[in-house]
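J.: sequence first, then the predicted structure:
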Amino acid sequence: MRKICFMGLDNAGKTSIITAITKRFGFEVEVSELTPTRKIRRDTFSFIGIEIIRLDFGGQAVYRTDYLKTPGKYLGGTDLIYYVIDAQDFDRYNEAIDYLEQILIFFKEEQVYPPISILFHKFDPDLVKSKEINQKILMLKQSLTKFSHAFDIFFFETTIYDIKSVMDSFSSGLSLIFNRIEMVSNLFAEISKNYNTIMISLFDSKGITVGEYFRPQLHLNEKLKIYDLYIILQKKILDENRDLCEFSDKFDNGKRFSGLIEVLNFGGIDFYLLFIIEEDEEDLEKTITILDKIEAAKPEMENLILQLIQ
């Protein structure tokens, strides 16, 4: 069993992030109807066969005071913290830093040092090119690095308008407490050498990334297109009770790609394998042959996944 905590000031977006992670399909309606979290919301989920307790800490000042009076009661046994900061709320940056510092004082006193994933949330698509917000986030990161001598701290920019940014930050955080996950990505990197691979990913049924390889020069907008397509096709697989879906599409630059999504069951747990290659437009039979050959790597993947969940 593992314990993860979502913490931060009120209105930072903690519950919205958890809702997006949990629902994935149609989460936007539920997010629009959320009310402020009172005290702590607790739920559990399973990842690679391990039960995880997830705590959503309400961020109102009265609750924060309560947590810090008896931190051991609330934070004892924590394996990972997601600390969420509203990237658009410049006026509360200092308050957010102060609260994080008080949380970390407890862990220092206990001589326990869980990894900290800091999410600069509400970094919406229309703000990506904003010079002002990027400069302010950079300054905030520089202020937060003072904690990095004692804690492993990782930064992410997230927004519920880009579900992949949320899922990537969540998956990356979990990988910090499941060290063996790196073996899956290493295997995918090795497999990719034999094919004209754009991306190989393995997700659990909730969309959490178990392992991933993508071509180093793959652009962000291309990754987002692939992930949006994956979400659509995973829903189709679920709705139609299928275990395999092959597809073909193209990027904005006109380059075509082919791929497959296959449901794999390891140890009674469903996983989704996403495999994408660049199409050989002059020899489409070659593309089909490569997709067929990925089946040969499945036994090796199965052995590795079984190691993770046992």
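T.: Yes, it's here.

J.: quick one: the helices in the protein, in order.
T.: With helices called from DSSP state H, the chain shows them at 14-23, 27-32, 61-69, 71-75, 93-110, 131-144, 163-175, 182-192, 220-240, 284-293, 298-309.

J.: got the contact list for the fourth one?
T.: Residues from elsewhere that reach helix 71-75, judged by C-beta atoms under 8 Å, 6 or more residues apart in numbering: C5, I40, L55, F57, Y67, I103, F106, F107, E110. In short, each C-beta sits where N, CA and C put it, glycine included.

J.: so which of the helices of the chain is nearest I153?
T.: With respect to I153, and counting by C-beta to C-beta, the nearest of the helices of the chain is helix 131-144 at 6.6 Å.

J.: and the closest one, what does it pack against?
T.: helix 93-110, strand 116-121, strand 153-157 (3 or more C-beta pairs under 8 Å, 6 or more residues apart in numbering; DSSP states H and E).

J.: grab the nearest non-local neighbour of I181.
T.: Counting by C-beta to C-beta, 6 or more residues apart in numbering, S175 is the residue found nearest to I181 once chain neighbours are left out, at 4.8 Å.

J.: the one you found reaches M183, doesn't it?
T.: No - if you go by C-beta atoms under 8 Å, S175 and M183 don't touch, sitting 11.0 Å apart.

J.: residues contacting F106?
T.: Taking C-beta under 8 Å, 6+ apart as the test, what F106 contacts is L68, P71, G72, L75.

J.: helix or strand with the lowest mean pLDDT in the chain?
T.: helix 284-293 (a mean of 66; mean pLDDT, DSSP states H and E).

J.: most neighbours among the contacts of F106, which one?
T.: L75 (22 neighbours; other C-beta atoms under 10 Å).

J.: and it, how far is that from F106?
T.: In this view, L75 and F106 are 6 Å apart by C-beta to C-beta, to the nearest Å.

J.: residues in contact with F47?
T.: Applying C-beta under 8 Å, 6+ apart, we find F47 in contact with L174, F178, D204, K206, I208.

J.: repeat that for D89.
T.: Here D89 is in contact with L9, N11, A12 (criterion: C-beta under 8 Å, 6+ apart).

J.: those residues into CSV, with extra columns for neighbour count, pLDDT and distance to V62?
T.: Output for those, formatted as CSV (neighbours: other C-beta atoms under 10 Å; pLDDT from 0 to 100; distance: C-beta to C-beta, whole Å):
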residue, neighbour count, pLDDT, distance to V62
L9, 23, 97, 13
N11, 14, 93, 14
A12, 24, 94, 16
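
J.: sounds good, over and out.
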